[in-house]
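> could you look at this predicted model? Sequence included:
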Amino acid sequence: MRNIKCILAYDGTDFSGWQSQPGQTTVQGTLSDVLERLTQRRLMIYAAGRTDAGVHAAGQVINFKTPSPLAVEEIQNALNALLPPSIRVNSTEEVGPDFHSRWDAQAKTYRYRIFRGRVVPPFHWKYVHQDTQELNFDAMVEAAGYFAGEHDFTTFAASTGSEEDDRERLTVRTIYRSELRRSDHSNSNGSAEEWIYEVRGRSFLRHMVRKMVGTLIEVGRGKLAPAGIQELFALRDRSKSGPNMPPQGLCLESVEYPDPANSLAFRSLDTREG
């Protein structure tokens, strides 16, 4: 049995998230259908991260095991020929039998884009969250720094949907980098500013990044002091965080693995870089 690893990029707009769900169009389900056509078997596909509905990926990593004799180049070409244009396979390789895209991941990087212009260009609206209200950028930058390190992120995680699972899940996470920066670009409506929040960590809880961004917005509006992030950690109360931000601004940028040969640092697709 061969173990095949692929790097995917996808536009999450029209998908109900990564994970297969009955009656829903998902990235995993779409891939499973296409792979079944190629291999005549229903394969189990593993992913580094389970992105939610509407969330995008530039460097999602998957793996699946198959006895298919097709060369990796043939697999990649066939997938891209059969998949919808909203899912692209950027690379394919055969890896060792023990490689697992989720359990072997050492770090993931997510990026959230906040568009500050009055008019969102039609080429960007599916990949940014627009916010034109007055926000204190410097305070948000300071607050972002408090997320770095090892913390209990209960306050910044959505419920799993099960009270029992919520009580038993581990909520301590390690964030290696957390920063907000400006990105200026011009369009037909003149100069527009975009704020980009980028966070790199070992793993993330459900809706964690979107709630972290929502809390940064609260800081920007003066509803919370930057240092208040530390108090929110201590409260361990989901109702105290900022709002869960819309999904379209979020993108899984890259996944890293311990073997340098399997370390990835894919940048956003050009349509999302602006």
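Good, I have the coordinates. Numbering: from 1, shown residues only.
> list the buried residues of stretch 95-110.
95, 99, 101, 104-105, 107-110 (16 or more other CB atoms under 10 Å). Backbone N, C-alpha and C define where each C-beta goes, glycine included.
> could you list which of these belong to strands?
Residues of the buried residues of stretch 95-110 located in strands (DSSP state E): 95, 107-110.
> report the two of those residues separated the most.
Val95 and Tyr110 (23.9 Å; CB to CB).
> can you list the weak-confidence ranges in the stretch 101-250 of the chain?
160-166, 168, 185-191 (pLDDT under 70).
> all the strands of it, residue numbers only.
Counting by DSSP state E, counting those that start in this stretch, the stretch 101-250 of the chain has strands at residues 107-115, 129-130, 149-152, 172-187, 190-201, 250-256.
> point out the most buried one among those.
Ranked by mean neighbour count, the strands of the stretch 101-250 of the chain are led by strand 250-256 with a mean of 25 (mean count of other CB atoms under 10 Å).
> how far out from the middle of the chain is that one?
5 Å (CA atoms, centre = their mean, to the nearest Å).
> list the helices and strands that strand packs on?
With contacts defined as 3 or more CB pairs under 8 Å, 6 or more residues apart in numbering; DSSP states H and E, the packing partners of strand 250-256 are strand 56-66, strand 107-115.
> can I get those strands in CSV including distance to Arg167?
Formatted as CSV, the helices and strands packed on strand 250-256 follow (distance: least, CB to CB, whole Å):
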stretch, distance to Arg167
strand 56-66, 30
strand 107-115, 25
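> so Val219 sits against Pro226, correct?
Yes - using CB atoms under 8 Å, Val219 and Pro226 qualify as a contacting pair, with a distance of 5.7 Å.
> show me where the chain has its helices.
Listed in chain order, the helices of the chain (DSSP state H) span 27-39, 72-82, 137-145, 163-168, 208-220, 228-235, 270-273.
> export the fifth one to CSV, keeping only CA atoms.
If I follow you right, that is helix 208-220. Extracted in CSV, the C-alpha atoms of helix 208-220 (Å, rounded to 0.1, in the frame of the first residue of the first chain):
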residue,chain,number,x,y,z
MET,A,208,-10.0,29.7,17.7
VAL,A,209,-8.3,32.0,15.2
ARG,A,210,-11.6,33.7,14.2
LYS,A,211,-12.4,34.4,17.9
MET,A,212,-8.9,35.7,18.5
VAL,A,213,-9.4,38.2,15.6
GLY,A,214,-12.8,39.2,16.9
THR,A,215,-11.2,40.0,20.3
LEU,A,216,-8.5,42.1,18.5
ILE,A,217,-11.3,44.0,16.9
GLU,A,218,-12.8,44.6,20.4
VAL,A,219,-9.4,46.0,21.4
GLY,A,220,-9.3,48.2,18.4
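> pull the distance from it to the chain's centre.
Worked out by CA atoms, centre = their mean, helix 208-220 lies 15 Å from the chain centre.
> what lies in contact with it?
110, 112, 114, 131, 135-137, 139-140, 143-144, 147, 153, 156-158, 173, 178, 180, 197, 199, 224-226, 228-229, 232, 241-247, 249-250 (CB atoms under 8 Å, 6 or more residues apart in numbering).
> now, of those, which are buried?
Applying a neighbour-count criterion of 16+ other CB under 10 Å, the buried members of the contacts of helix 208-220 are 110, 112, 114, 131, 135, 139-140, 143-144, 147, 153, 156-158, 173, 178, 180, 197, 199, 224, 226, 228-229, 232, 241-242, 244-247, 249-250.
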